[in-house]
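Visitor: below is the structure, and that's it, no one-letter string:
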């Protein structure tokens with residue numbers, strides 16, 4: 001994971017190696033950021049969306065899921081899913097880390 005300045009162009013470049021969902025090592029780079037802060041923000045966002053761990057909260061997962069879903073379903077369907085999740089799932093399970101959700105949490109949520 002490296003953020004460095006391209007002296008020739010005067011912009012910032014991000015290069016990083018990550019492990020995808022299938023466990024394969026991948027390398028990616030993106031250039032053209034005007035500031036180092038923008039480059040670091042893109043790097044953090046990319047890693048949050050492309051890592052192979054489930055050490056994220058339900059809220060974080062739902063944000064990623066929602067972005068992915070909005071291009072594949074109709075607008076009203078997405079709005080219905082959002083309303084159901086925001087009313088019933090996220091208030092109780094939203095701050096829980098996915099890998100630490102217990103059966104008792106699910107039973108409590110169902111009741």
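Guide: Thanks, I have the structure now. Bear in mind that the values here come from a model prediction, so they are computed numbers and not experimental data.
Visitor: residue 20 contacts residue 27, correct?
Guide: No. In this structure, residue 20 is not within contact of residue 27 by Cβ atoms under 8 Å, at 10.9 Å. All C-beta atoms are positioned from the backbone trio N, CA, C, and that covers glycine.
Visitor: which one of the two is surrounded by more residues?
Guide: residue 20 (11 against 8; other Cβ atoms under 10 Å).
Visitor: any idea how far the more buried one is from residue 47?
Guide: Counting by Cβ to Cβ, to the nearest Å, the gap from residue 20 to residue 47 is 12 Å.
Visitor: hey, what's in contact with both of those two?
Guide: Common neighbours of residue 20 and residue 47, counting by Cβ atoms under 8 Å, 6 or more residues apart in numbering, are absent.
Visitor: top helix in this structure by residue count?
Guide: helix 36-50 (DSSP state H).
Visitor: remind me what the helix or strand just after that helix packs against, helices and strands.
Guide: Note on helix 36-50: by DSSP states H and E, the next helix or strand toward the C-terminus is helix 58-69. If you count contacts as 3 or more Cβ pairs under 8 Å, 6 or more residues apart in numbering; DSSP states H and E, helix 58-69 packs onto helix 36-50, helix 75-84, helix 90-93.
Visitor: what's the closest non-adjacent residue to residue 85?
Guide: residue 62 (6.0 Å; Cβ to Cβ, 6 or more residues apart in numbering).
Visitor: pretty sure the one you found sits against residue 95.
Guide: No. Between residue 62 and residue 95 no contact is recorded; they are 11.7 Å apart, counting by Cβ under 8 Å.
Visitor: neighbour count for those two, which is higher?
Guide: A direct count of neighbours by other Cβ under 10 Å for residue 62 and residue 95 places residue 62 higher, at 20 against 10.
Visitor: and the gap between that one and residue 93?
Guide: From residue 62 to residue 93 the distance is 10 Å (Cβ to Cβ).
Visitor: all good on my end, thank you.
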